[in-house]
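Asker: fold the following and give me the result.
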Amino acid sequence: MMRFADNFADLSIVATLSPQLSWSHIIELLPLKTDEARLFYAQDAVNRRLNVRDLRKQISRKAYERREIANAALSEQSAVPFNAFKDPFLLDILDLKDNYLEADLEKAILADIQKFILEFGRGFSFIESQKRLPIGNETTVLDLLFYNRILKRLVVVELKLGTFKAAYKGQMELFLAWLNENEREEDEEAPIGIILCASANRKKVEMLKMDMAGIAVAEYWTELPPKAVFEQKIKDIMEEAQERLERRKSLPGGNQKQLDYFYDEKDEEEI
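Answerer: Residues are numbered from 1 along each chain as shown. Purely as a prediction, here's the structure:
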């Protein structure tokens with residue numbers, strides 16, 4: 001209770017959360033190191049009506065830290081909203097076998113679209129797969145199309161098996177331009193896209209200024225490493241993201257957003 005009083009000193013926040021979260025939910029939040037992390041998971045539990053088990057799962061899968069890694073790729077001039085995506089996405093929920101093809105990945109997503117959207121984030125509704133876009137006398141096809149009611153915009157998801165390639169930027173820009181011209185409603189924001197790759201050189205993505213074109217890039221992992229390995233990999237990616245932000249500080253109009261590694265197992269042992 002003393003730890004709770006220290007971590008939730010703002011009575012207005014307590015008054016908002018206490019009718020919607022149980023004491024068992026609160027206990028799961030106390031090991032988190034920052035107010036931002038605690039409030040993220042608390043609000044997520046409220047918004048999605050997560051039970052204690054699901055909340056614990058979100059914390060163990062580092063949903064907050066992965067969102068912050070994705071935010072670190074965005075500049076202040078980004079056309080991609082902050083807090084829209086995660087990096088990496090954990091697609092172990094799809095139970096893909098070895099040597100899968102791109103079509104197998106898409107098929108697995110469509111077979112359990114609810115789990116994919118749960119990992120993807122709030123407000124997403126699935127619209128169409130393999131959407132055909134007629135452009136002049138040619139037709140191109142995008143993988144997955146969603147609508148996000150919170151962002152009020154269409155969201156394209158492109159799936160790539162290997163590492164990120166610079167050529168993917170032009171392809172996604174074409175998709176977004178077509179959707180903006182042909183599918184965007186008057187009350188909607190401009191479409192955005194996310195390219196999911198098995199691996200991504202985040203420095204290359206930053207140099208290409210993908211976010212200014214309304215494009216995010218993230219890795220996806222189809223297998224979840226053992227806990228200790230997973231913890232270390234996320235920590236390493238967070239530290240790399242922090243270094244990129246520090247370098248960006250000296251640039252005019254640079255992104256000043258700060259990141260921390262928010263979860264410390266020794267805190268858990270103290271409860």
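Asker: CA atoms for contacts and neighbours, from now on please.
Answerer: Will do.
Asker: on the three-state scheme, S125 is what?
Answerer: Three-state call for S125 (DSSP: H, G, I helix; E, B strand; the rest coil): strand.
Asker: just checking, it touches F146?
Answerer: Yes: taking contacts as C-alpha atoms under 8 Å, S125 lies within contact range of F146: 5.5 Å.
Asker: could you find the closest non-adjacent residue to S129?
Answerer: L144 (4.5 Å; C-alpha to C-alpha, 6 or more residues apart in numbering).
Asker: ok, now which ones touch that neighbour?
Answerer: I127, E128, S129, Q130, K131, V156, V157, E158 (C-alpha atoms under 8 Å, 6 or more residues apart in numbering).
Asker: can you list the strands that the helix or strand in which it is found pairs with?
Answerer: For L144, the host element (DSSP states H and E) is strand 138-148. Each strand paired with strand 138-148, and its direction, by DSSP bridges: strand 124-135 (antiparallel), strand 153-163 (antiparallel).
Asker: ok, now how distant is A5 from F120?
Answerer: 33 Å (C-alpha to C-alpha, to the nearest Å).
Asker: check the gap between the closest residue to F4 other than its chain neighbours and A228 for me.
Answerer: Spatial nearest neighbour of F4, excluding adjacent residues (C-alpha to C-alpha, 6+ apart): L30 at 6.9 Å. Going from L30 to A228 by C-alpha to C-alpha gives 21 Å.
Asker: quick one, which of the strands paired with strand 138-148 is nearest to Q77?
Answerer: With C-alpha to C-alpha, the closest approach to Q77 among these belongs to strand 153-163: 18.1 Å.
Asker: and the next helix or strand after the closest one, what's buried?
Answerer: Moving toward the C-terminus from strand 153-163, the next helix or strand (DSSP H and E) is helix 167-182. Neighbour counts over helix 167-182 (16 or more other C-alpha atoms under 10 Å) mark K169, M172, E173, F175, L176, W178, L179, N180 as buried.
Asker: contacts for helix 167-182, please.
Answerer: Counting by C-alpha under 8 Å, 6+ apart, L133, L142, V156, E158, A190, P191, I192, G193, I195, M210, A213, I215 sit against helix 167-182.
Asker: next: stretch 186-203.
Answerer: Contacts for stretch 186-203 (C-alpha under 8 Å, 6+ apart): 73, 79-80, 151-164, 168, 172, 176, 179-180, 184, 214-221.
Asker: what do you get for stretch 117-130?
Answerer: 84-86, 89-91, 113, 141-151.
Asker: just stretch 54-66 next, same as before
Answerer: Applying C-alpha under 8 Å, 6+ apart, the contact partners of stretch 54-66 are 25, 28, 37, 40-41, 45, 86-89, 234, 238, 261-262.
Asker: can I get the residues you listed in a markdown table including secondary structure, distance to S60 and pLDDT?
Answerer: Compiled in a markdown table, the contacts of stretch 54-66 are given as follows (DSSP: H, G, I helix; E, B strand; the rest coil; distance: C-alpha to C-alpha, whole Å; pLDDT from 0 to 100):
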| residue | secondary structure | distance to S60 | pLDDT |
| --- | --- | --- | --- |
| H25 | helix | 14 | 93 |
| E28 | helix | 10 | 93 |
| A37 | helix | 13 | 92 |
| F40 | helix | 14 | 93 |
| Y41 | helix | 11 | 94 |
| A45 | helix | 14 | 92 |
| K86 | coil | 15 | 95 |
| D87 | coil | 15 | 96 |
| P88 | coil | 14 | 96 |
| F89 | strand | 14 | 96 |
| I234 | helix | 11 | 95 |
| M238 | helix | 16 | 90 |
| Y261 | coil | 13 | 46 |
| F262 | coil | 12 | 45 |
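Asker: output the below-cut-off pLDDT ranges for this protein.
Answerer: Low-confidence segments of the chain (pLDDT under 70): 9, 11, 14, 250-271.
Asker: domain assignment for it?
Answerer: Domain assignment for the chain by automatic domain parsing gives 1-60, 68-270.
Asker: leaving out sequence neighbours, find the closest residue to the residue minimising distance to the centre of the chain.
Answerer: Nearest to the geometric centre of the chain sits K86, at 1.7 Å (C-alpha atoms, centre = their mean). Residue nearest to K86 in three dimensions, not counting chain neighbours: R67, with 4.1 Å by C-alpha to C-alpha, 6+ apart.
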